[in-house]
Structure formats: C-alpha cells, structure tokens
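Visitor: Here's my sequence, what's the structure:
(one chain, ligands or ions: 1)
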Amino acid sequence: MPRPIQATVHLANLRHNLERARRSALESRVWAVVKANAYGHGIENVFEAFRAADGFALLDLDEAQRVRALGWRGPILLLEGVFESRDLELCSRLDIWHVVHCDAQIDMLAAHKTQTPHRVFLKLNSGMNRLGFSPVRYRAAWTRLNALPQVGEISHMTHFSDADGPRGVAQAQALFERATQDLPGERSLANSAATLRHAQATRADWVRPGIVLYGSAPDFPEHDAQHWQLQPGMTLATRLIGTQDLAAGDTVGYGSSFKADGPMRIGIAAVGYGDGYPRHADTGTPVLVNGVRTRTVGRVSMDMIAVDLGPVPNVGFGSEVTLWGRAANGALLGIDDVAQAAGTIGYELMCAVARRVPTATD
Ligand SMILES: *Cc1c(COP(=O)(O)O)cnc(C)c1O
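Guide: Predicted structure coming up:
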C-alpha cells in the first residue's frame with residue numbers, strides 16, 4: 001500500500017476557471033499558461049480542460065512538444081523565446097510561436113535556415129526589468145525583425161510588474177501604447193491579475209491568464225478565490241497515520257517548537273516538505289480533518305505534520321486530511337490561505353508538489 005498522500009486535479013473546476021477568465025476578456029483570445037508543468041498540475045492532466053483555450057503558452061520546448069503530442073494543432077507560444085539556435089529548428093518543425101526579447105534572439109533568427117517564416121511576439125520591457133526591449137530600443141528591434149525573411153507576422157507584448165497591486169498598470173500600459181503606436185500586429189498585455197483587475201485598460205487581441213486557471217487569486221489577500229469566483233484546480237489530501245494524547249507541557253516535533261497548554265489530542269498526517277508541503281508552515285497553518293477546519297502544530301517534517309484534533313474529536317488512524325482544495329464533505333480550504341500562513345504564494349505551493357505525490361484527475 002503506497003503512502004496515502006494524493007493530489008487530485010479537478011477538470012470541471014479548471015474548465016470553470018478558464019471560462020471565468022474568458023468572461024473578463026470577451027474580445028480577446030486566451031492563452032492558457034501551462035508553464036512549470038501546468039503550475040504543478042501536469043500538462044497531460046490539464047490538457048482536456050484547457051482545450052477550449054485559443055492557445056497554450058509555456059516556457060520549455062519539451063513542454064511544447066508534449067502539447068503537440070497530445071494532439072494540439074493550434075497556437076503554442078514560448079514565453080521566453082528560444083535559448084539557443086537549435087531551438088529554432090523545433091519551432092519551425094512544430095510551428096511554435098516564440099517571444100523575441102533581446103538582440104541575441106534576433107541574431108539567431110537572422111542565421112536560421114527555414115522555409116516557413118516564424119510568428120514572433122516582440123517583447124517590451126515596460127518596467128519589470130527582466131526581459132524585453134526598452135521603449136527607446138523597441139522600434140529598432142521591430143524594424144530589424146521586420147526585415148528578416150525568417151520572420152512572418154510580428155505581434156507585440158509586455159508583462160506587468162504591478163497588475164496585482166496598488167501601483168497598477170497605467171504607466172506600463174502607456175509605455176506600451178507609445179512604443180507600439182502605428183506598428184501593425186496583434187497585441188498581448190494581461191496576465192491573470194490584469195485580466196481580472198484591469199480588463200478595460202489592457203484589452204487586446206490576446207490575454208495570458210495563468211494562476212486564475214488553477215483557482216488561486218492573483219491578488220490575495222486583497223481578494224480571495226471566492227471573490228473572483230474561482231474554483232480549486234487541485235486538492236492535496238492525505239490521511240492520519242497516528243494520534244498522540246498530550247499533557248500540559250508536552251512538545252511536538254523537531255525542536256519542540258510547539259508546547260501544549262493543557263491536555264490535547266493531535267493527529268499525525270502523512271505529508272511533509274518531501275511532498276512539497278511548505279516547511280515554513282508554522283503552528284497555526286489551516287488544515288481540514290474530515291472536512292473540519294483545524295490547524296497544524298509544531299514543525300513540518302520531511303514526511304509528516306502534526307494537526308490539532310481539538311475541533312474534530314471522532315477521528316483517528318485513516319481519517320481524511322486535506323492540505324488544500326476540497327474535502328470529501330465539500331468543505332474548501334484555499335491554497336492561498338495555506339500559502340499565506342507559510343509566508344509564500346499559491347503559485348509556489350502548486351509548483352512545488354513533489355514528484356513522489358501520485359496525481360489523479362476527477
Ligand atoms: C507566467 C506568465 C503569465 C501568467 O501569469 P499569471 O500571474 O499566472 O497569470 C503571463 N505572461 C507571462 C509572460 C508569464 O511569464
């Protein structure tokens with residue numbers, strides 16, 4: 001019998017979330033962002049649910065090949081473009097569109113031998129200062145690309161640094177408008193946060209939602225998943241494999257960081273940082289036992305955590321423990337709540353689910 005831990009990917013919820021993103025951008029086509037193995041959900045698991053998208057956006061050519069292997073003939077976009085010249089051959093062969101964010105990528109294209117001109121998305125650095133041409137260099141990059149026989153249609157894109165926060169997108173969006181003014185081609189600006197929060201300002205040919213598709217709020221804790229009508233894309237669940245009755249003064253786990261004030265019963269659940277559960281989830285991180293909300297106590301170990309059974313007296317060996325997502329009784333625990341207690345964000349928890357955790361779909 002394998003350890004009882006299990007991740008379940010909820011296809012109906014993924015479909016719902018994709019529709020939710022679409023409702024915020026009715027005039028746009030939607031890239032389903034499936035980088036990082038579909039934010040930890042598994043590309044093969046999410047594919048059927050996201051078939052209704054207009055394209056798949058990702059980072060790795062390996063992931064692009066997997067999407068083609070699943071039978072997808074529509075657009076695929078490499079969000080960081082190519083990493084070496086050889087990548088361009090696969091782009092030609094598999095008809096993969098790619099971002100162009102720097103001169104080195106234009107040099108590679110100029111030297112590339114292909115019969116079929118590539119569709120590229122030229123990237124503007126609108127203030128994030130990671131990838132992209134600065135506003136003053138954008139037009140020169142476009143002119144150079146436009147002169148290459150290896151390049152067909154050129155689209156325009158940027159990525160916001162502050163779509164989820166108080167700074168907003170106005171300044172970055174104005175830079176984008178100015179840099180791309182009068183240039184032909186489609187446009188793409190919005191990630192999840194911009195799609196939900198700045199739909200009017202960032203309206204364009206394409207939107208690029210990622211995190212919302214998986215049911216996490218892009219601007220938590222200002223808004224939660226319920227506020228945005230998102231449903232959990234994944235449940236991470238396990239079972240109790242032990243219980244302990246503590247007396248006042250007894251401690252729990254490595255470093256004895258939790259000390260019982262009085263008599264209490266705890267459960268030991270089969271999940272730990274070796275499964276991707278965050279080690280920084282301190283005493284008090286929310287967890288569901290038999291669908292009842294309670295808290296963790298003590299440090300997270302590699303393979304186990306301890307949970308307070310005070311609110312759920314009639315449980316024991318084999319009882320259901322939900323780390324995030326949906327319990328059997330329908331109770332929900334938001335991945336964002338768990339992430340917050342661990343000092344991180346839902347994105348990181350999803351991506352960190354470990355290979356040893358078996359994944360199923362429902
Ligand atoms: C990851 C990514 C997205 C999606 O971001 P979310 O915040 O998950 O919606 C969109 N565009 C680019 C360029 C990205 O790298």
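
Visitor: contacting residues around the residue of the stretch 101-250 of the chain found nearest the ligand?
Guide: In the stretch 101-250 of the chain, the residue found nearest to the ligand is Gly210; the distance is 2.5 Å by C-beta to the nearest ligand atom. All C-beta atoms are positioned from the backbone trio N, CA, C, and that covers glycine. By C-beta atoms under 8 Å, 6 or more residues apart in numbering, the contact set of Gly210 is 33, 35, 39, 191-192.

Visitor: before we move on, what about Asp162?
Guide: 127, 168-169, 172.

Visitor: Listing partners with orientation, what would you give for the lengthiest strand in the chain?
Guide: Longest strand of the chain, by residue count under DSSP state E: strand 234-246. Strand 234-246 sits in its sheet next to strand 6-9 (antiparallel), strand 264-269 (antiparallel), strand 320-326 (antiparallel), going by DSSP bridges.

Visitor: and Asp205, how many neighbours?
Guide: Number of residues near Asp205 (other C-beta atoms under 10 Å) recorded here: 16.

Visitor: Relative to Met264, how far out is it?
Guide: According to C-beta to C-beta, to the nearest Å, Asp205 and Met264 sit 58 Å apart.

Visitor: Which parts of the stretch 51-200 of the chain are helices?
Guide: 61-69, 85-94, 103-110, 135-146, 170-180, 192-197 (DSSP state H, counting those that start in this stretch).

Visitor: TSV please, covering these and showing mean pLDDT, distance to Met1 and mean neighbour count.
Guide: Listed next are the helices of the stretch 51-200 of the chain as TSV, based on pLDDT from 0 to 100; distance: least, C-beta to C-beta, whole Å; neighbours: other C-beta atoms under 10 Å:
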stretch	mean pLDDT	distance to Met1	mean neighbour count
helix 61-69	98	31	18
helix 85-94	97	42	16
helix 103-110	98	50	18
helix 135-146	98	57	16
helix 170-180	97	53	17
helix 192-197	98	39	26
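
Visitor: okay, these in JSON lines with distance to Ile305 next?
Guide: Output for the helices of the stretch 51-200 of the chain, formatted as JSON lines (distance: least, C-beta to C-beta, whole Å):
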{"stretch": "helix 61-69", "distance to Ile305": "31"}
{"stretch": "helix 85-94", "distance to Ile305": "42"}
{"stretch": "helix 103-110", "distance to Ile305": "45"}
{"stretch": "helix 135-146", "distance to Ile305": "49"}
{"stretch": "helix 170-180", "distance to Ile305": "41"}
{"stretch": "helix 192-197", "distance to Ile305": "29"}
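
Visitor: okay, these in TSV with distance to the ligand next?
Guide: Listed next are the helices of the stretch 51-200 of the chain as TSV, based on distance: least, C-beta to the nearest ligand atom, whole Å:
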stretch	distance to the ligand
helix 61-69	13
helix 85-94	17
helix 103-110	15
helix 135-146	16
helix 170-180	13
helix 192-197	3
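
Visitor: what about this protein, any weak spots by pLDDT?
Guide: For the chain, no stretch has pLDDT under 70.

Visitor: Among the contacts of Gly210, name the buried ones.
Guide: Buried by 16 or more other C-beta atoms under 10 Å: 33, 35, 39, 191-192, out of these.
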